[in-house]
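# What follows is a predicted protein model with its sequence.
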Amino acid sequence: MNSKTTEFYKRFQYCISSDKEIAKKEEDILENIINMSNKETAAYMRQYIAKLVSYRKNFLDAETAELICKMLIEISFVLRIQYINYLKDKENNTLRNDDYDINNLSKILQILISEIAMIIYTKEYETNNIFDNFYALKTNNIIGHCLRIFFMIIEATSFFNEKLNKGAANKMRIDFKKTYYKFSERIYKRYNLNNPNTLDSNVKFGVRKIENSTISEIAIGVLMHDISLDKPKDYIPIQSEEKDNHSIKDYGFAKYFMRGNEGVALTVSLHHEYYSHGYGLFTELYKAVLRRNPNHKIEYIVSYDYKDILTLQSLTYLPAKMLEVIDVYDTLTMSMNKTPKEAISFMTENFLEKEIMLDPIITDIFIEYLKEIKRIKL
């Protein structure tokens, strides 16, 4: 292990898998890229974009799926290498927004992640659950956590959009009073809102398809989240858990490295809010806006537009609420050893019924995805 790799794992000790064979494979991947300059890394990642753009099959084959997993591990390492450099430059007061090589690397990574996301979103798989048996998704480290969420969130988004194409929004609207009304009513009371409680008034412009540009932001946000996490498992909002500030640290890095991609930065920073039962940027923003204007009115519970969070027109940003749900699920199943059935029961009982923390519609869609796409018995 070279000195840079040693330094990396000293900072990111929870990126080491407890499985020695997996740990060695990932160490070899890291050592292949850790000595590259930003310019060399960008060129290395650019060749992957060319491969994906030229992929012409109408289904995703196993060989390409394996390559995608390798790409995502490498991207995860590169982002953390950049985070180490960011911390050093921040400490030395030498951060620059006009560094060409960093700007170029950021653009290349965003394009590559988007290309990967679109292949997963648009292509049929050669075999069901094609990614599940790759070693990268079986590991119990932070990178494995992020990769599992990456695949689940894109697959669940595809599932959600397909449901909408078949009239799911209209069914939600018809059934709203007996399904989701009670949850939004509790959110209104928590924030002292007097808005009409209907599906269309809760979601700005109504429940609708998630566009490709937003899917790309979600995908990038998933890989950017938990970069600064220095604990063996992610935070979930239960009494025994100690709150930390890793989502705020992630936000600072995302703002810097993603060069103003506010949708990505907010996805990263808001995924532990839990309707103010957790912590994060929104809680501080909410307090600040109300201090300036005690009569400020929040119009919606959920928005697809990140700008509505910054202006406090909406309580939540859809991509962040999606990440929140799947983040909790993976933490419960992989870090707390719950079965999928136990995890969903725990989430429903504690984060919906006892207290409203998760988005109920997103949670329901995710449960349906687990049943219908992942074929998990719940």
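The structure has been received and is ready for your questions.
# switch to C-alpha atoms for all contacts and neighbour counts from now on
Noted.
# separation between residue 209 and residue 198?
Residue 209 sits 19 Å away from residue 198, taking CA to CA, to the nearest Å as the criterion.
# how about the closest residue to residue 204 other than its chain neighbours, phi and psi?
Leaving aside its chain neighbours, residue 204 sits nearest to residue 303 (5.2 Å; criterion: CA to CA, 6 or more residues apart in numbering). Torsion angles at residue 303 (phi, psi; degrees, to the nearest 10) stand at phi -130, psi 150.
# from memory residue 303 sits against residue 203, does it?
Yes. Residue 303 sits in contact with residue 203 when judged by CA atoms under 8 Å, with a separation of 5.9 Å.
# returning to that earlier point: distance-wise, check the residue nearest to residue 204 relative to residue 272.
When residue 303 is compared with residue 272 (using CA to CA), they lie 17 Å apart.
# and the two? which has more neighbours close in?
Between residue 303 and residue 272, residue 272 has the larger neighbour count (other CA atoms under 10 Å), namely 33 against 23.
# quick one: the more buried one and residue 323 touch, right?
No. Using CA under 8 Å, residue 272 makes no contact with residue 323, being 9.1 Å away.
# Give me the three-state assignment for residue 362.
helix (DSSP: H, G, I helix; E, B strand; the rest coil).
# That one: neighbour count?
Using other CA under 10 Å, residue 362 has 20 neighbouring residues.
# in what helix or strand does the closest residue to it other than its chain neighbours lie?
Excluding its sequence neighbours, the residue lying closest to residue 362 (CA to CA, 6+ apart) is residue 322, at 6.4 Å. Applying DSSP states H and E as the criterion places residue 322 in helix 318-330.
# residue farthest from the centroid of this structure?
The outermost residue of the chain relative to its centre, with distances by CA atoms, centre = their mean, is residue 295 at 32.7 Å.
# quick revisit: quick one, what contacts the residue nearest to residue 204?
Shown in contact with residue 303 (CA atoms under 8 Å, 6 or more residues apart in numbering): 203, 204, 309, 314, 315, 316, 317, 318.
# Now do the phi/psi pair for the first one.
Read that as residue 203. Dihedral angles for residue 203 - degrees, to the nearest 10 - are phi -110, psi 120.
# show me the contacts for it.
Neighbours of residue 203 in contact, by CA under 8 Å, 6+ apart: 300, 301, 302, 303.
# What's the separation between residue 255 and residue 373?
Using CA to CA, which is the criterion applied here, residue 255 is 34 Å from residue 373.
# And for residue 219?
The gap separating residue 219 from residue 373 is 19 Å, by CA to CA.
# between the two, who's got more neighbours?
When residue 219 and residue 373 are compared for neighbours, residue 219 comes out ahead with 26 against 15, by other CA under 10 Å.
# Show the contacting residues for that one.
Neighbour list for residue 219: 113, 114, 117, 150, 153, 154 [criterion: CA under 8 Å, 6+ apart].
# Looks to me like residue 96 is in a helix.
No. Residue 96 sits outside any helix when classified using three-state DSSP, being coil.
# For it, grab the count of nearby residues.
When neighbours are defined as other CA under 10 Å, residue 96 has 12 of them.
# give me every residue that touches it.
Not one residue lies near residue 96 by CA under 8 Å, 6+ apart.
# ok, now with 10 Å
By CA atoms under 10 Å, 6 or more residues apart in numbering, the contact list for residue 96 reads 86, 89, 90, 102, 256.
# Mind checking what secondary structure residue 189 has?
helix.
# per-residue pLDDT, it?
Note on residue 189: pLDDT of 91.
# and the gap between it and residue 32?
54 Å.
# Backbone dihedrals for residue 143, please?
Dihedral angles of residue 143 (phi, psi; degrees, to the nearest 10) stand at phi -70, psi -40.
# That one: how many residues sit nearby?
23.
# Skipping its backbone neighbours, what lies nearest it in space?
Closest to residue 143 by CA to CA, 6+ apart is residue 15, at 6.0 Å.
# Surely the one you found touches residue 142?
Yes. Residue 15 lies in contact with residue 142 (CA atoms under 10 Å); the separation is 5.3 Å.
# Quickly list what's touching both of the two.
Common contacts of residue 15 and residue 142 (CA under 10 Å, 6+ apart): 76, 227, 229, 230, 232.
# so who does the third one touch?
Applying CA under 10 Å, 6+ apart, we find residue 229 in contact with 12, 14, 15, 142, 235, 244, 245, 246, 247, 249, 250.
# All the helices of the stretch 1-150 of the chain, in order from the start?
3-11, 20-33, 38-53, 62-91, 100-122, 135-138, 142-165 (DSSP state H, counting those that start in this stretch).
# what about stretch 130-148, how long is it end to end?
Length of stretch 130-148, first residue to last, CA to CA: 12 Å.
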